[in-house]
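Participant: starting from these lines, generate the structure:
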Amino acid sequence: KDFQKVGDISILLKNSDQKKNKFTLAVMADDKMTEKKDRNVNEPLQFYVSKSLYELVVNQVGKNTISGYLSTPKYQARNN
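Facilitator: Numbers count the residues shown, from 1 in each chain. I've put the predicted structure just below:
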């Protein structure tokens, strides 16, 4: 099992429970690893990457898989 790159982040599925619709992820963003333990389906996981808010939502949990989407900012805020 290795990290999978999705957009500007990398994700590693550590555990998935198909019956309870729960999962555990390791998220690598900006060279920092964060573990999201026992999260539910359709629960938004929010975190910052380079001062931009990202949102990860998992819709389905399989035996060793998850599927969902990553929401990223449409534009970058200007630093004045």
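Participant: could you count how many residues lie near Y69?
Facilitator: 11 (other C-beta atoms under 10 Å). Glycine gets a C-beta too; all of them are placed from N, C-alpha and C.
Participant: adjacent strands (with direction) for the lowest-mean-pLDDT helix or strand in the chain?
Facilitator: Using mean pLDDT, DSSP states H and E, strand 45-49 stands out as the lowest-scoring helix or strand of the chain, at a mean of 88. Using DSSP bridges, strand 45-49 pairs in its sheet with strand 52-61 (antiparallel).
Participant: so for the least confident helix or strand of the chain, what gets flagged as buried?
Facilitator: The neighbour-count check on strand 45-49 (16 or more other C-beta atoms under 10 Å) flags L45, F47, V49 as buried.
Participant: quick one, what contacts D17?
Facilitator: Residues counted as contacts of D17 (C-beta atoms under 8 Å, 6 or more residues apart in numbering) are F23, V61.
Participant: shaky segments in the chain?
Facilitator: Applying pLDDT under 70 to the chain flags residues 1, 73-80.
Participant: distance of the residue nearest the centre of the chain from T72?
Facilitator: Closest to where the C-alpha atoms of the chain average out (C-alpha atoms, centre = their mean) is L56, at 4.5 Å. Distance, L56 to T72, by C-beta to C-beta, to the nearest Å: 10 Å.
Participant: quick one on the thing from earlier: how far away is the residue nearest to the centre of the chain from V6?
Facilitator: 8 Å.
Participant: all set now, cheers.
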